[in-house]
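Colleague: Quick one, structure for this:
(one chain, ligands or ions: 2)
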Amino acid sequence: MTDAARPALSVVAPCFDEEGVLPEFLARVATVLDGLAGSSEIVVVDDGSRDGTWRVMTEAAARDRRIVAVRLMRNHGHQLALTAGLSICRGERVLIIDADLQDPPELLPEMMALMDAGADVVYGQRRVRAGESLFKRSTAAAFYRVIGRMTEVDIPLDAGDFRLLSRRVLDMLLAMPERHRFIRGMVAWIGGRQVPIAYDRAPRAAGESKYPLSKMIRFAADAITAFSVVPLMLSMTIGWMMAAVGFAFFVYSIVGWLTHSTLPGWASLMAAIGLLGGMQFLMLGVIGAYLGRLYDQSKGRPLFLIRDIVGGGGSPGGAP
Ligand code: UDP
Ligand code: MG
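Modeller: Numbers count the residues shown, from 1 in each chain. Ligands and ions are numbered 1, 2, ... in the order given. Got it, this is the predicted structure:
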């Protein structure tokens, strides 16, 4: 594709069961885009939704030629759905945004101005998170701090995937073939001039969070394993500690044997077995977490599978 054919801006939003918010989302984004100079497109990705999300998208795409509706074969998860949208979009710049309107599209002109001033990435940093439970906010806060300590990459605190990327950064991101993607970390890893922009996170406009605790845990595990080998090294630290304790016990038992004062020792034996057994299984689990991801990666399967692309002017299966 020639550069001339590129729109100036793409907006990419992954959507899973978002029929409730999509009309409002598309309307608000369209209004923002109307106010910008240059051509643009909105790429919405239906991540295997079970509700009317696809219908809403295709109807919108028939009305507005800027809208490109992409449907995946099944639910691939937030990060892969986003990756699908990013690899399809053609803009010189790309705005990543959630469809639930927690991130305000109205911030776009300000983000564009920061990029005009030379930023490669402009990322939204949350000042307040309205309408989210104390549990969600505290686990998220803990998560960003733990990952900050474990990784060498400076992953910005309290930033989601809401950000504006230059085409250069986007192409670098798309060249990274990893399957278990933690996109905000990968973007931070790329470097360049990354500029924060503070905003207040609104409550969801409709529907409920598509990130239940189980998905949050998986997401956190992907983030940590993708950016740190500290957990793998943990067994070394624990091993040294255990070895020191074991050596002390060894001396103690020899002395006891020599002085004929050996104890019945049931409690200490059980404690040692329990502790050692627990630690060993824990570390096996850690190794398994990395090994499993290595295995997934080695299969080299595509990251996502596209079923349909509709709209955007003459795509396969699409409206005009
Ligand atoms: N999402 C997705 N696939 C999933 C889960 C979520 O495409 O399997 C989308 C969802 O539609 C939304 C974004 O990812 O646009 C963020 O999800 P959500 O708002 O539910 O997460 P939260 O803001 O509660 O962390
Ligand atoms: Mg949300």
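
Colleague: burial of the one residue in the stretch 101-250 of the chain that gets nearest to ligand 2, as a residue count?
Modeller: At 4.4 Å from ligand 2, Gln102 is the closest residue in the stretch 101-250 of the chain, using CB to the ion. In short, each C-beta sits where N, CA and C put it, glycine included. If you count neighbours by other CB atoms under 10 Å, Gln102 ends up with 23.

Colleague: Would you mind identifying the next helix or strand past the biggest helix by length in the chain?
Modeller: Determined from DSSP state H, the single longest helix within the chain is helix 266-299. Reading on from helix 266-299 to the C-terminus, the next helix or strand found by DSSP states H and E is strand 306-311.

Colleague: In that following strand, which residues are buried?
Modeller: 308-311 (16 or more other CB atoms under 10 Å).

Colleague: Dump the C-alpha coordinates for it into PDB.
Modeller: The C-alpha trace of strand 306-311 is given here as PDB (Å, rounded to 0.1, in the frame of the first residue of the first chain):
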ATOM      1  CA  ILE A 306     -10.600 -13.300  11.000                       C
ATOM      2  CA  ARG A 307     -14.100 -14.400   9.800                       C
ATOM      3  CA  ASP A 308     -15.300 -11.200   8.100                       C
ATOM      4  CA  ILE A 309     -14.300  -7.700   7.300                       C
ATOM      5  CA  VAL A 310     -17.200  -5.400   6.400                       C
ATOM      6  CA  GLY A 311     -17.100  -1.700   5.400                       C
END
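
Colleague: in its sheet, what does it sit against?
Modeller: The sheet places strand 306-311 alongside strand 67-72 (antiparallel), with pairing taken from DSSP bridges.

Colleague: Show me what the host helix or strand of Phe250 packs onto, helices and strands only.
Modeller: Using DSSP H and E, Phe250 sits in helix 230-258. Counting contacts by 3 or more CB pairs under 8 Å, 6 or more residues apart in numbering; DSSP states H and E, helix 230-258 is packed against helix 213-227, helix 266-299.

Colleague: before we move on, the earlier item: roughly how far apart are the residue of the stretch 101-250 of the chain closest to ligand 2 and Met279?
Modeller: 40 Å (CB to CB, to the nearest Å).

Colleague: Could you do Arg179 as well?
Modeller: 29 Å.

Colleague: now swap in Ile147 and tell me
Modeller: 23 Å.

Colleague: which bits of this protein sit near ligand 2?
Modeller: Within the chain, the positions near ligand 2 by CB under 5 Å from the ion are 98, 100, 102.

Colleague: number of nearby residues for the first one?
Modeller: Going back to what we said before, that points to Asp98. Number of residues near Asp98 (other CB under 10 Å) recorded here: 21.

Colleague: repeat for Pro7
Modeller: Count around Pro7 with other CB under 10 Å applied: 20.

Colleague: Got the phi and psi for it?
Modeller: The phi/psi pair for Pro7 (degrees, to the nearest 10) reads phi -70, psi 160.

Colleague: Chain neighbours aside, what residue packs nearest to it?
Modeller: Spatially, and ignoring its direct neighbours in sequence, Pro7 is nearest to Ser39 (4.2 Å; CB to CB, 6 or more residues apart in numbering).

Colleague: right, and the one you found touches Ser10 too?
Modeller: No - using CB atoms under 8 Å, Ser39 is not in contact with Ser10; the gap is 10.0 Å.
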